[in-house]
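*Asks:* Sequence unavailable; structure follows:
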């Protein structure tokens with residue numbers, strides 16, 4: 001019996017996205033999250049909460065920590081450090097103002113751009129145990145990092161709307 005299903009032999013070197021396209025996609029999400037932080041009134045960013053959810057500054061710091069340590073871990077074949085360890089040379093501290101949070105966001109963005117070229121294309125399929133706990137491949141873990149950011153940004157959108165502030169358009173990732 002013949003099947004109507006098409007099959008193809010795809011080598012490990014072929015992909016849907018190039019590493020550069022994937023980085024652009026991720027940085028597009030990061031840019032949108034940064035613009036979400038910018039929309040918050042300074043007096044609400046660190047304190048406003050709905051239904052027991054954490055303030056958006058705490059969510060943003062989680063995203064920053066995952067991105068910073070994650071890209072370093074991928075680039076160094078599994079050397080997991082904290083964001084504080086990785087950024088110690090910058091003088092960055094735990095932010096207490098919107099401006100400090102945005103500055104830290106920009107530092108981590110530069111860090112991602114710096115480490116990204118150190119991840120070889122073939123490494124995206126490499127098994128990894130992120131943060132010594134979460135097993136997957138580099139690509140599956142990175143997609144989780146992006147999904148986590150989208151989830152938390154969605155919480156930020158809910159906060160903004162409850163404050164009668166229009167969030168950035170979710171599709172505008174430039």
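*Replies:* Yep, that arrived. This is a predicted model, so every value here is computed, not measured. Residues are numbered from 1 along each chain as shown.
*Asks:* Can you give me the neighbour number for the closest residue to residue 166 other than its chain neighbours?
*Replies:* Leaving aside its sequence neighbours, residue 166 sits nearest to residue 160 (C-beta to C-beta, 6 or more residues apart in numbering; 7.3 Å). The way it works is simple: take the backbone N, C-alpha and C, and place the C-beta from them, glycine included. Counted with other C-beta atoms under 10 Å, the neighbours of residue 160 add up to 20.
*Asks:* Surely residue 160 and residue 36 touch.
*Replies:* Yes: counting by C-beta atoms under 8 Å, residue 160 touches residue 36, with 7.2 Å between them.
*Asks:* where do the contact lists of these two overlap?
*Replies:* Common neighbours of residue 160 and residue 36 (criterion: C-beta atoms under 8 Å, 6 or more residues apart in numbering): residue 167.
*Asks:* Name the residues that touch the helix or strand bottoming out on mean pLDDT in the chain?
*Replies:* With mean pLDDT, DSSP states H and E as the measure, the helix or strand of the chain carrying the lowest mean pLDDT is helix 83-86 (a mean of 74). If you take C-beta under 8 Å, 6+ apart as the criterion, helix 83-86 is touched by 64-65, 68-69, 72, 108, 111.
*Asks:* which parts of it are buried?
*Replies:* For helix 83-86, a neighbour-count test (16 or more other C-beta atoms under 10 Å) marks 83, 86 as buried.
*Asks:* centre of the chain versus it, how much separation?
*Replies:* Centre-to-centre, helix 83-86 and its host chain are 16 Å apart (C-alpha atoms, centre = their mean, to the nearest Å).
*Asks:* before we move on, the earlier item: out of the contacts of helix 83-86, which one sits closest to residue 20?
*Replies:* Closest to residue 20 out of these is residue 111 (17.2 Å), distances taken as C-beta to C-beta.
*Asks:* how about that closest one, what does it touch?
*Replies:* 68, 71-72, 86-87.
*Asks:* Kindly provide the distance from it to residue 95.
*Replies:* Residue 111 is 16 Å from residue 95, where distance means C-beta to C-beta, to the nearest Å.
*Asks:* so what's residue 97 up against?
*Replies:* Residues near residue 97 by C-beta under 8 Å, 6+ apart: residue 42.
*Asks:* For the residue nearest to residue 166, which three-state class applies?
*Replies:* The three-state label given to residue 160 by DSSP: H, G, I helix; E, B strand; the rest coil is helix.
*Asks:* Residue 120 versus that one, what's the distance?
*Replies:* Taken as C-beta to C-beta, the span from residue 160 to residue 120 is 39 Å.
*Asks:* Could you point out the helix or strand that follows the least confident helix or strand of the chain?
*Replies:* Using DSSP states H and E, the next helix or strand after helix 83-86 towards the C-terminus is helix 98-115.
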